[in-house]
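Participant: below is the sequence, then the predicted model.
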Amino acid sequence: MLIVNRKPILNLFIPSYFILELLSLGQAYAQDSIASYAELADSLPVNKGLLEGLNSNPQFLILIIIALVLILCVVIMLSILHHRKLTRQIVLSMKDELTGVFCRNYLKMYLPALQSRFEREPNPELSLGVLIIDCDDFKFINDTFGHAGGDKALKAIVNKISSQIREHDLLLRWGGDEFVLVCESVSQIQLRELAERIIASISDMFIAYEQATLSVTVSAGYALHDKIKDFDFDGLINAADEYLLVTKKAGKNNYLGRKKANLAGNHFLNTFAKR
């Protein structure tokens, strides 16, 4: 996710070191300035009183410089804090209020870093994978239990998916009852096993709602980006979505997928086996 994890100790050390260095430079500058003014005393007799005052009390000039440095540091720190606050607000605005996962528009911030990591992946067996998960017959759940029951089912689905994925995998609410899971540095076998675990864990789930118990199933399609191809996230999504459609036609509560490079016309459309 577009979020850099900064160490608190380092955050405190850098400004403190910066301030100490500025104070040291300020003191040295003040001493050099006083010495320079003293050398000009003969050529500027009208300023002899001021120079004598500075020579007798050089700490005053040092204090002025220190005060200016501190003000500058405060302004910089306030600017940094304001920028972080705005960044947090932007990120939070991109989260789905119901499920707590990111919305689709978060990809605008996420994709540049995702592409960079994809292109730098050194292991030829690992690539970028996408899994599209869609709730089966969700309209029936809404019609039977109302939207409150449907909302509870969606939250339960998200919680179950989150329990099956890695910390750095990205789960997005794509729209309605459809979710997209973005997995970096994953193999085809790992992606297939992940799809299998998610399908099985959700189908085994029972959701208590008022006086009833809900059960729900999902279907999924997955695709793995070909490492020899240029980065194409839209193409990867489309490939996974096509497998999702085939899964739905094949009977739901299942998953299908292959490498994106192997998708081809009629061969793909006639594929109804787990790959």
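Facilitator: Nice, thanks for sending it over.
Participant: may I have the helix or strand encompassing I237 as CSV, with CA atoms only?
Facilitator: Assessed by DSSP states H and E, I237 sits inside helix 233-250. The C-alpha trace of helix 233-250 is given here as CSV (Å, rounded to 0.1, in the frame of the first residue of the first chain):
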residue,chain,number,x,y,z
PHE,A,233,-2.6,-3.7,-15.0
ASP,A,234,-5.8,-3.1,-17.0
GLY,A,235,-5.1,-6.2,-19.2
LEU,A,236,-4.4,-8.2,-16.0
ILE,A,237,-7.8,-7.2,-14.5
ASN,A,238,-9.6,-8.0,-17.7
ALA,A,239,-8.0,-11.4,-17.9
ALA,A,240,-9.0,-12.2,-14.3
ASP,A,241,-12.5,-10.8,-14.9
GLU,A,242,-13.0,-13.1,-18.0
TYR,A,243,-12.1,-16.1,-15.8
LEU,A,244,-14.6,-14.9,-13.2
LEU,A,245,-17.3,-14.9,-15.9
VAL,A,246,-16.4,-18.4,-16.9
THR,A,247,-16.5,-19.5,-13.3
LYS,A,248,-20.0,-18.1,-12.9
LYS,A,249,-21.2,-19.9,-16.0
ALA,A,250,-19.6,-23.2,-14.8
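Participant: helix or strand next in line after that helix, which one?
Facilitator: Using DSSP H and E, the helix or strand that follows helix 233-250 in sequence is strand 255-259.
Participant: can you name the residues in contact with that following strand?
Facilitator: With Cβ atoms under 8 Å, 6 or more residues apart in numbering as the contact definition, strand 255-259 has outside contacts at 131, 188, 191-192, 195-196, 198-199, 219-224, 226, 240, 243-244, 246-247, 250, 271-275. C-beta: built from backbone N, CA, C; applies to glycine.
Participant: filter those down to the buried ones, PyMOL style.
Facilitator: A single PyMOL command selects the buried members of the contacts of strand 255-259 (16 or more other Cβ atoms under 10 Å):
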select buried, resi 131+188+191+192+195+198+199+219+220+221+222+223+224+226+240+243+244+246+247+271
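Participant: thinking again about what came up before, now the helix holding I237: how far from the chain's centre is it?
Facilitator: Relative to the centre of its chain, helix 233-250 is centred 24 Å away, using Cα atoms, centre = their mean, to the nearest Å.
Participant: same thing with stretch 160-180?
Facilitator: Worked out by Cα atoms, centre = their mean, stretch 160-180 lies 13 Å from the chain centre.
Participant: and for stretch 216-231?
Facilitator: 20 Å.
Participant: now stretch 172-191
Facilitator: 15 Å.
Participant: okay, buried residues for that stretch please.
Facilitator: Result for stretch 172-191 [16+ other Cβ under 10 Å]: buried residues 172-174, 177-186, 188, 190-191.
Participant: repeat for stretch 146-166
Facilitator: G149, G150, K152, A153, L154, A156, I157, V158, K160, I161, Q164, I165.
Participant: so what's the residue count around the closest residue to the second one other than its chain neighbours?
Facilitator: The spatially closest residue to G150, leaving aside those adjacent along the chain, is N142, at 4.2 Å (Cβ to Cβ, 6 or more residues apart in numbering). Neighbouring residues of N142 were enumerated by other Cβ atoms under 10 Å; the total is 16.
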